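In: Predicted model and sequence follow; I will ask about them next.
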Amino acid sequence: MRVHFISIGGAVMHNMALALHSMGYEVSGSDDEIFEPALSRLKDKGLLPETFGWDENRITPDIDFIILGMHARAENPELIKAKSLDLKIYSFPEYVYEHSKNKTRIVVGGSHGKTSTTAMIMHVLNHKNIEFDYLVGSQLEGFERMVKLSHAPVIVIEGDEYLTSALDLKPKFHWYKPHTAILTGIAWDHINVFPTYEFYVEQFKIFIDSIEPGGTLIYCNEDKDLVKLATQASCKALPYDVPEHTIENGTTTIHKNGVDYPLEVFGKHNLLNLQAAMMACKTIGVSEPDFWKAIFTFTGAAKRLEKIRDAKTLKIYRDFAHSPSKLKATVKAAIEQFDGFNIVGVFELHTFSSLNADFLKEYKDAMKGLNTAIVYYNSHVFELKKMKMLSPDFVSEQFGGVMVINDNAQLQETIQSSLKGKDVLLLMSSGNFDGMDMLSFGN
């Protein structure tokens, strides 16, 4: 089989290209730019395009099918040529479903916690030597790629609600038709494509309606909108809550049936994620005791409350927090876990939603309780996104009174001066603070 990827450099797209290459497919691809780590990984397997850019001559009748990335636009010349040749064109979520039609599909959806919950399920299945395919939104320890496609009977999918492709404007997770679905919560995000909260919630109802007959919905009982949707579901709907636990000396321990299971991860949101993951694993035959025995070695997904330094006087965590719900969950988790520490939190305005003046009020008091709360943004990002500049005073007011900095050197100086000697530093962003060395503090 010969497959061509239009926009091969994306995080999922290049991993999918590598997965199909490993299955023996003849793979080619194109993109207008490709960055690390995709650049080196594609080059190593001989899949890196000879030149960047789009060339309709790459599209020939002998191609069995095209996989189209979200980055490619409707006017892409390769896409136009593929359509003129009447080639089969899949978006990547559409192809994932096509590949897994005869598998048991576990799909993890929700506005937050998708990657962590998916990673927890994958960790346990891997520990139990259960064969499975997967698609996850982060590179995980112990897994070669973010995508695996094989002849395994089970697939675990992180179900993103963002749009599918330039040709298909429905959310990706509407494609997957799960046998077991997890929904972690609903918190308005991606306002550029879901302009109202009601429209955003509707996408989750459609997802629930897509669950296969006889399937199961596992949902967070603390989310009132999810509870409402679950009561309307035609499938089996199982709620979950925070499992019994204690926090002592910076360690969270789960208590189940008289047995204690100390964890590497922490925070109420992660405890909820763990409970959801356990219930999903039970649907494919993993017992509850076996789940908890396996999960205590789980250290978390990359950039999801990931510990990047653990020194005597300073712990540094980086987190992918970029929406109000994610930011609040991370801040609350750190405050509960590190009683008696000086907690410094830094949040970068980076996404379209977080830079939008009308949406910014959703962050009200999201950083409340931190010893030092800093919001950072680079003024240049507004120019790149063609958005109206926000003043530091306005941003501070919307957050409920925080320090606002838009100079990187000043940011680093302020962080360093805020450290007292028994500190936790939270670096929260879907970006990278303009290349700031996150390990430079405390020295």
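Out: Yes, it's here.
In: in a helix, that's where Ala276 is, yeah?
Out: Yes: assessed by DSSP: H, G, I helix; E, B strand; the rest coil, Ala276 belongs to a helix.
In: What distance do you get for it to Lys282?
Out: As judged by C-beta to C-beta, to the nearest Å, Ala276 and Lys282 stand 11 Å apart. Just so you know, the C-beta spots here come from the backbone N, C-alpha and C atoms, and that holds for glycine as well.
In: Of these two, which one has the most company?
Out: Each of Ala276 and Lys282 has its neighbours counted (other C-beta atoms under 10 Å); Ala276 has more, 25 against 17.
In: which ones are touching the more buried one?
Out: Neighbouring residues of Ala276 by C-beta atoms under 8 Å, 6 or more residues apart in numbering: 108, 117, 182, 184, 218, 220, 240.
In: Report the spatially nearest residue to it, omitting neighbours in sequence.
Out: Closest residue to Ala276 apart from its sequence neighbours, by C-beta to C-beta, 6 or more residues apart in numbering: Ile182 at 4.9 Å.
In: do Val107 as well
Out: In space, Val107 is closest to Pro178, 3.7 Å off (C-beta to C-beta, 6+ apart).
In: again with His190
Out: Leaving aside its chain neighbours, His190 sits nearest to Tyr162 (5.9 Å; criterion: C-beta to C-beta, 6+ apart).
In: And Leu39, by the same measure?
Out: Sequence neighbours aside, Leu48 is the residue nearest to Leu39 in space, at 6.8 Å (criterion: C-beta to C-beta, 6+ apart).
In: and that neighbour, what does it touch?
Out: Leu48 neighbours (C-beta under 8 Å, 6+ apart): 34, 39, 42.
In: filter these to the buried ones?
Out: Applying 16 or more other C-beta atoms under 10 Å to the contacts of Leu48, the neighbour count classes 34, 42 as buried.
In: Just give me the closest of the contacts of Leu48 to Phe352.
Out: Closest approach to Phe352 among those (C-beta to C-beta): Ile34, at 22.9 Å.
In: could you check the distance from the closest one over to Lys315?
Out: To Lys315, Ile34 is 35 Å away according to C-beta to C-beta.
In: Same question for Pro49.
Out: Pro49 sits 42 Å away from Lys315, taking C-beta to C-beta as the criterion.
In: Ser430 now?
Out: Using C-beta to C-beta, Ser430 is found at 21 Å from Lys315.
In: cool, and Ser84?
Out: Note on Ser84: its distance to Lys315, by C-beta to C-beta, is 57 Å.
In: mind checking which helix or strand of the chain has the lowest mean pLDDT?
Out: Every helix and strand of the chain was ranked by mean pLDDT, DSSP states H and E. The lowest is helix 380-384, at a mean of 81.
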